[in-house]
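In: Sharing a model that was predicted from the sequence below.
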Amino acid sequence: MTVDRPANGSSANRVSTVEARITTEVVTSVEGMRALQPDYEQLYPLSPNLLPFARQEWHLAWCAHFLKRSALVNQHPLFCVMRGAAGECVAIFPLLRTVRHIGTFRFVTLSLIGPDRGLTEMRDPLIRPGCERPAVRALHEVLRQYPDWDWIQWSGISTLLAQAVSYESAAQWHEPRDDYLLDLPGSWQEFRAGLRRNIRESLRHCYNSLRRDGHEFEFVVARERSDVRAALTRFLELHARRAEMSWGTPHPNRFDSAAKQAFLYDVCDRLAQRDAVRVFQLRIAGQIVASRLAFVIGDSLYLYYSGFDPAWARYSVMTTTVAEAIKYAIGAGLRTLNLSPTAEQSKLRWRPRLVEFPCLIVRRELLSSRLKYQAYRVTRTAALSAMGSRLREMLRTHPPH
């Protein structure tokens, strides 16, 4: 596919003149995904994507634990790997092809890998800067060989990629995912000085309240493979305890099944081999009372899920753990700290900057695809409404204590 530079040269998605031709390889098996390691390694230092969810380890672990193979839902990888004229990898689109049967309808959808409940928080692929538009164009050429898909769901992708997708197709924009990023200065003192006065007072209270009651804490960081696995066991206990709290901000248990827990152990073991995992822990009187799982990707720290013992909530042990994690990141010379999506006061208090990750739907223009998409939306809306009604009834008959 030949790529031309826009005439005005002013587009945010301008195509570099070095991108003369792109060839594409399509991978449809897990074995083929493993063979892509050199391509992943080539893109890691070039792509601005600093999310753990774009790593090969995440994709392999996800497929190992969550691929569905049933009469109603059947999934398999559809990875599209783009290479330039010299054979260099310029993009990896880790697509997932899903076939669903709902009544008499057969739906075939494409999405970036990781359509799960809250585990893969954003799904931006790896793309060499400046190659967004030619890569998307090449992707559309490839998808012409797969004429049975009805729509593509792009969830939580970069603005540049979203613009390229919208430029190359009739995309429907949906509510973006809001991510929150801290730009780290050279010292904790400088960072703390930039906080609001009430937050500085809150931090002082966190540390002083423990000291006043005779408690000394130890900040423990697990990063070796064996240490990470042991720390994850306690993390899961504390994460579940936090979810069971009947007061405070509700937090669902994201790891409430054996499959999700097995996935977490697996993906963290894979990433720990890269020294990319950190489990931040607060230990008091020999017991871990708070834990925050995090990933180091490039020069950024991504804070994932957390948990704490409600018995220590009055000491704000989770706030102390995050503060110590920020100190750790600054001390390690990292440039950014990602607080992860969703606008919670516990994140906004640190005064992060907002980064939007757009969500788009690209639907085939066939009448059958349009009808299927509308039918799917109606069915999904009805299912969510019924689920909400059942939940409200459960809360009415069995209120939390």
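Out: Sure, I can see it.
In: care to break the chain down by domain?
Out: Per automatic domain parsing, the structural domains of the chain span 23-178+357-364, 185-334.
In: quick one, strands of the stretch 201-350 of the chain?
Out: Per DSSP state E, counting those that start in this stretch, the stretch 201-350 of the chain carries strands over the ranges 217-222, 277-284, 287-297, 300-308, 336-338.
In: So for residue 186, which of the ones you listed sits nearest?
Out: Across the strands of the stretch 201-350 of the chain, residue 186 has its closest neighbour in strand 336-338 (13.4 Å, C-beta to C-beta). Using the backbone N, CA and C atoms, a C-beta is placed for each residue, glycine as well.
In: Which among the strands of the stretch 201-350 of the chain is found nearest to residue 105?
Out: Residue 105 sits nearest to strand 300-308 of all these, at 35.4 Å, using C-beta to C-beta.
In: Quick one: the strands of the stretch 201-350 of the chain as TSV, columns for distance to residue 232 and mean neighbour count too.
Out: Shown next, in TSV, are these (distance: least, C-beta to C-beta, whole Å; neighbours: other C-beta atoms under 10 Å):
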stretch	distance to residue 232	mean neighbour count
strand 217-222	8	17
strand 277-284	7	22
strand 287-297	8	23
strand 300-308	11	23
strand 336-338	20	22
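In: and these as JSON lines, adding mean pLDDT and distance to residue 357?
Out: Output for the strands of the stretch 201-350 of the chain, formatted as JSON lines (pLDDT from 0 to 100; distance: least, C-beta to C-beta, whole Å):
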{"stretch": "strand 217-222", "mean pLDDT": "98", "distance to residue 357": "28"}
{"stretch": "strand 277-284", "mean pLDDT": "98", "distance to residue 357": "23"}
{"stretch": "strand 287-297", "mean pLDDT": "98", "distance to residue 357": "15"}
{"stretch": "strand 300-308", "mean pLDDT": "98", "distance to residue 357": "13"}
{"stretch": "strand 336-338", "mean pLDDT": "98", "distance to residue 357": "11"}
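In: Can you check which of those strands gets nearest to residue 200?
Out: Closest to residue 200 of these is strand 336-338 (C-beta to C-beta; 17.9 Å).
In: contacts for that closest one?
Out: With C-beta atoms under 8 Å, 6 or more residues apart in numbering as the test, strand 336-338 has contacts from 50-51, 179-184, 299-303, 325-326, 329.
In: picking that back up, right, so of the strands of the stretch 201-350 of the chain, which gets closest to residue 344?
Out: Closest of the strands of the stretch 201-350 of the chain to residue 344 is strand 300-308, at 11.1 Å (criterion: C-beta to C-beta).
In: how far out from the middle of the chain is that closest one?
Out: 12 Å (C-alpha atoms, centre = their mean, to the nearest Å).
In: Neighbouring strands - and their directions - for it?
Out: Counting by DSSP bridges, the strands paired with strand 300-308 are strand 287-297 (antiparallel), strand 336-338 (parallel).
In: Rebuild these as a markdown table, extending it with distance to residue 157.
Out: What follows is the strands paired with strand 300-308, written out as a markdown table (distance: least, C-beta to C-beta, whole Å):
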| stretch | distance to residue 157 |
| --- | --- |
| strand 287-297 | 17 |
| strand 336-338 | 16 |
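In: Look up phi and psi at residue 253.
Out: Residue 253 has phi and psi values of phi -80, psi 100 when expressed as degrees, to the nearest 10.
In: distance of the spatially closest residue to it that is not a sequence neighbour from residue 258?
Out: Leaving out its chain neighbours, the residue that sits closest to residue 253 by C-beta to C-beta, 6 or more residues apart in numbering is residue 243, at 3.7 Å. Residue 243 sits 16 Å away from residue 258, taking C-beta to C-beta, to the nearest Å as the criterion.
In: More neighbours: which of these two?
Out: Shown here are residue 243 and residue 258; by other C-beta atoms under 10 Å, residue 243 has more neighbours (15 against 9).
In: Could you pull up the residues touching that one?
Out: Residues in contact with residue 243 (C-beta under 8 Å, 6+ apart) are 251, 252, 253, 256.
In: count of neighbours near the second one?
Out: This means residue 252. Quick note: residue 252 (other C-beta under 10 Å) scores 11 neighbours.
In: now do the third one
Out: Applying the criterion other C-beta under 10 Å, we find 17 residues in the vicinity of residue 253.
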